[in-house]
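Enquirer: 3D, please:
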Amino acid sequence: MAASLPLSSLRELQTLAQQAGAAVELHSLGQVQAQGHTLPLWGLTLGNADPACPAVAYVGGVHGLERIGTEVVLSYLRNLVARLPWDVSLQHQLSRLRLVFVPVVNPGGLLRGTRANPRGVDLMRNAPVEAKAPAPVLLAGHRLSPVLPWYRGPAGAPMEAESQALCDFIARELFGRPLAIAVDCHSGFGLRDRLWFPYAHTALPIDHLPELHALVQLFDQSLRHHPYVVEPQSRQYRTHGDLWDHLTLQVRREHPEQIFLALTLEMGSWLWVKKNPRQFFSRQGMFNPLIAHRQQRVLRRHHLLLDFLARAALGAPHWLPDGPARDAHAAQALDRWYRLPIP
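Expert: Here you go, the predicted model:
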């Protein structure tokens with residue numbers, strides 16, 4: 001059934017799992033219906049499953065219209081699978097690290113070319129988290145109608161199958177470890193590539209802000225000319241129902257000792273429109289690079305970030321702050337992200 005699906009990304013995920021053989025495991029997380037197709041929800045894991053090992057999750061396709069997020073995650077996975085047979089350093093890395101992939105969270109939306117899932121629900125507004133005022137009308141998430149964008153779903157209803165499957169898989173694979181990092185790949189916000197971190201529902205900082213700052217400082221030092229603006233999402237706008245806020249709060253309740261750092265990569269799709277103004281008249285072009293060489297450049301551009309996160313997770317004992325150093329990172333993070341006016 002899966003081989004006949006019109007979604008090349010799902011076919012490729014299955015092919016990569018087959019190519020890697022015993023080195024990876026393809027997990028069935030459920031299925032959804034869209035346009036007469038039964039579409040699988042798949043996750044893929046490789047590396048050491050021991051919960052004492054750190055883990056990194058790579059997620060894409062939460063919004064079906066933003067297919068570039070799926071392509072970035074698949075491109076990185078493709079690179080790893082190609083290197084598995086011969087790259088001794090990668091083999092050593094995976095002996096002490098768990099990598100988790102969910103490249104297509106919303107296959108129905110990807111098939112239909114919509115931001116929402118086939119039920120009209122925006123999965124990134126679907127978790128049981130309420131935004132603190134002020135939150136923008138509609139954009140923050142609403143319960144008026146699935147005809148309108150940013151629909152959260154009915155009040156009191158369970159999370160959508162796709163949202164729940166992702167959260168359950170992340171909890172199963174990442175929770176309870178000493179350190180876990182997640183990066184969720186999106187597009188469509190401005191002229192800059194941004195790395196957002198929780199919270200989206202409140203301007204309060206996360207508990208592990210010092211560790212997040214230490215990771216970002218390490219990134220700044222290691223990739224001095226990187227293109228990313230790093231900030232809490234609340235500096236731009238607040239939203240209801242953010243999945244990564246929900247997971248961060250869940251870790252806080254269930255595993256308060258764990259360091260869980262969730263990042264959202266927002267690729268600046270307005271830059272692609274600026275370089276090719278005709279994309280403005282294309283629904284896909286507003287969120288994805290349409291010219292082949294530009295898409296290839298985007299895929300290459302983010303490999304360094306995704307690879308850095310895996311290396312940083314493995315090397316965490318060498319950079320995670322403790323004692324006075326943690327206090328210093330906390331103060332620096334507050335100055336950098338919470339005591340300055342929104343630009």
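Enquirer: surely residue 294 touches residue 272?
Expert: Yes. At 6.4 Å, residue 294 counts as touching residue 272 under the criterion of C-beta atoms under 8 Å. Backbone N, C-alpha and C define where each C-beta goes, glycine included.
Enquirer: what about residue 27, which helix or strand?
Expert: Following DSSP states H and E, the helix or strand that holds residue 27 is strand 24-34.
Enquirer: quick check: buried residues in that strand?
Expert: 24, 26, 27, 29, 31, 32, 34 (16 or more other C-beta atoms under 10 Å).
Enquirer: closest to residue 99 among the residues you listed?
Expert: Nearest to residue 99 among these: residue 24, at 9.0 Å, using C-beta to C-beta.
Enquirer: so what's the closest one bridging to?
Expert: On the basis of DSSP bridges, residue 24 is bridged to residue 46.
Enquirer: quick one: the strands in the stretch 201-343 of the chain, in order.
Expert: For the stretch 201-343 of the chain, the strands defined by DSSP state E, counting those that start in this stretch cover 228-232, 259-267.
Enquirer: for the ones you listed, which one ends up most surrounded?
Expert: For the strands of the stretch 201-343 of the chain, the largest average neighbour count (mean count of other C-beta atoms under 10 Å) is found in strand 259-267, namely a mean of 24.
Enquirer: low pLDDT regions in this protein?
Expert: Scanning the chain with the threshold set as pLDDT under 70 gives 1-6, 280-281, 285, 340-343.
Enquirer: the helices in it, which residues?
Expert: 8-20, 67-83, 88-94, 107-112, 161-174, 209-222, 243-254, 270-275, 292-301, 303-314, 324-337 (DSSP state H).
Enquirer: next one: the fifth one to chain centre, how far?
Expert: Taking C-alpha atoms, centre = their mean, to the nearest Å, one finds the center of helix 161-174 at 12 Å from the center of the full chain.
Enquirer: likewise for stretch 58-74?
Expert: Mean-position distance between stretch 58-74 and its chain equals 8 Å (C-alpha atoms, centre = their mean).
Enquirer: can you pull the contacts of residue 275?
Expert: The contact partners of residue 275, by C-beta atoms under 8 Å, 6 or more residues apart in numbering, come to residue 294.
Enquirer: about what we covered before: what's the most distant pair in the buried residues of strand 24-34?
Expert: The most widely separated members of the buried residues of strand 24-34, counting by C-beta to C-beta, are 24 and 34 (26.1 Å).
Enquirer: wait, doesn't residue 100 sit right on residue 57?
Expert: Yes. Contact criterion C-beta under 8 Å: residue 100 and residue 57 qualify, at 4.1 Å.
Enquirer: more neighbours, the two?
Expert: Taking neighbours as other C-beta atoms under 10 Å, residue 100 and residue 57 compare with residue 57 leading, 25 against 22.
Enquirer: and residue 305, how many residues sit next to it?
Expert: If you count neighbours by other C-beta under 10 Å, residue 305 ends up with 21.
Enquirer: is it in contact with residue 230, as I believe?
Expert: No. In this structure, residue 305 is not within contact of residue 230 by C-beta under 8 Å, at 10.8 Å.
Enquirer: now do the shared contacts for those two.
Expert: Contacts common to residue 305 and residue 230, judged by C-beta under 8 Å, 6+ apart, are 195, 219.
Enquirer: buried deepest among the helices of the chain, which one?
Expert: Neighbour counts (mean count of other C-beta under 10 Å) averaged over each of those peak at helix 107-112, with a mean of 24.
Enquirer: which residues touch the residue nearest the centre of the chain?
Expert: The residue lying closest to the centre of the chain (C-alpha atoms, centre = their mean) is residue 184, at 0.7 Å. Residue 184 makes contacts with 59, 60, 62, 69, 243, 244, 262, 263, 264, 265, as judged by C-beta under 8 Å, 6+ apart.
Enquirer: gap between it and residue 257?
Expert: Distance of residue 184 to residue 257, computed by C-beta to C-beta, to the nearest Å: 24 Å.
Enquirer: beta partners for the closest residue to residue 244 other than its chain neighbours?
Expert: Excluding the flanking residues, the one nearest residue 244 by C-beta to C-beta, 6 or more residues apart in numbering is residue 262, at 4.0 Å. Note on residue 262: beta-bridge partners residue 182, judged by DSSP bridges.
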